[in-house]
Structure formats: structure tokens, C-alpha cells
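> pasted the sequence and its predicted model underneath.
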Amino acid sequence: SRAGHMHPALFGVLVVYFVTHIPISIILDSQVVFPRAWYPAFATDLFDFYTSNFPDFLFANCRTRYPYVRWIGACEVFLQLPFFFAALYALARRREWIRIPAIIYCTHVPTTVI
């Protein structure tokens, strides 16, 4: 049986992806959903640095010109972020139940970038 088998390189890429996306989602991306007052100065400074140095006009203007970006952020906070934790658990424990949620996640992500 090949249950729980995954190429070590793929395993490593997935772990790095989920581990790095957890703090990014919490510290940066969630700021489009929740009030800035909820965040420490380093987080709001990071948000301001990102929006002033990178050409992400949707993210930078999400509260004024592009409010639908807040809905995309809400999807990330309430759907994707919990999935990141579940995926890391499933990868660490070699659980196969993560396959269907992973397919759902993989089909949802393109909808947040289109």
C-alpha cells in the first residue's frame, strides 16, 4: 500500500508553504478584514511598507476603492487559515483525509486571485 507516501521534496515544499502562509495570513492579510487598531505597530508598519513598496493596488485600496478585497481577505482568514493548520497536521501525521480538503483548497485559491 502506498498510503501516506509522498516524495520528500513535495512534502518539504508543502510544509514550507503552509508554515510561511500562517504568519502572513495572520499578520498581514487579515488587516484587510479587521480594524487596524487590533494590530501591533510592527504589523501595521509591515502592511504600510508592503502597500507603499509593491504595486498591489487592490490590497492597498481595499478599504476605500475595492471593498470586495475585504471579502477575499475574509475567505483567507476564515477558510484558508484553518486549512493551513489542518494541512500541517495531516502532513505531519501522514493522514489521507486531507486529500479532499486539499482539492477544495486548490480550487478555491484561484478564485481569490482572479
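That came in fine, so what should we check first? Computed from a prediction, not measured in an experiment: that's the story for all the values here.
> could you find the closest non-adjacent residue to Ser25?
In space, and not counting its chain neighbours, Ser25 is closest to Leu81: 4.8 Å by Cβ to Cβ, 6 or more residues apart in numbering. No exception for glycine: its C-beta is placed from N, CA and C like everyone else's.
> I figured the one you found was touching Ile27, is that so?
No - with contact defined as Cβ atoms under 8 Å, Leu81 does not count as touching Ile27 (11.4 Å).
> could you check how many residues crowd around Arg93?
Arg93 has 10 neighbouring residues, counting by other Cβ atoms under 10 Å.
> tell me the contacts of it?
Not one residue lies near Arg93 by Cβ atoms under 8 Å, 6 or more residues apart in numbering.
> tell me the secondary structure for Pro110?
Under DSSP: H, G, I helix; E, B strand; the rest coil, Pro110 falls in the helix class.
> swap that for Ala102, sorry
From three-state DSSP, the assignment for Ala102 is helix.
> isn't it right next to Ala87, touching?
Yes - counting by Cβ under 8 Å, Ala87 is a contact partner of Ala102 at 6.7 Å.
> what about Leu91, neighbour count?
19.
> renumber starting at 20 from here on
Understood, numbering begins at 20; the last thing we discussed is Leu110.
> can you pull the buried residues of the helix or strand that contains it?
Secondary structure assigned from DSSP states H and E places Leu110 in helix 100-112. Residues of helix 100-112 classed as buried: 100, 102-103, 105-107, 109-110 (neighbour count, 16 or more other Cβ atoms under 10 Å).
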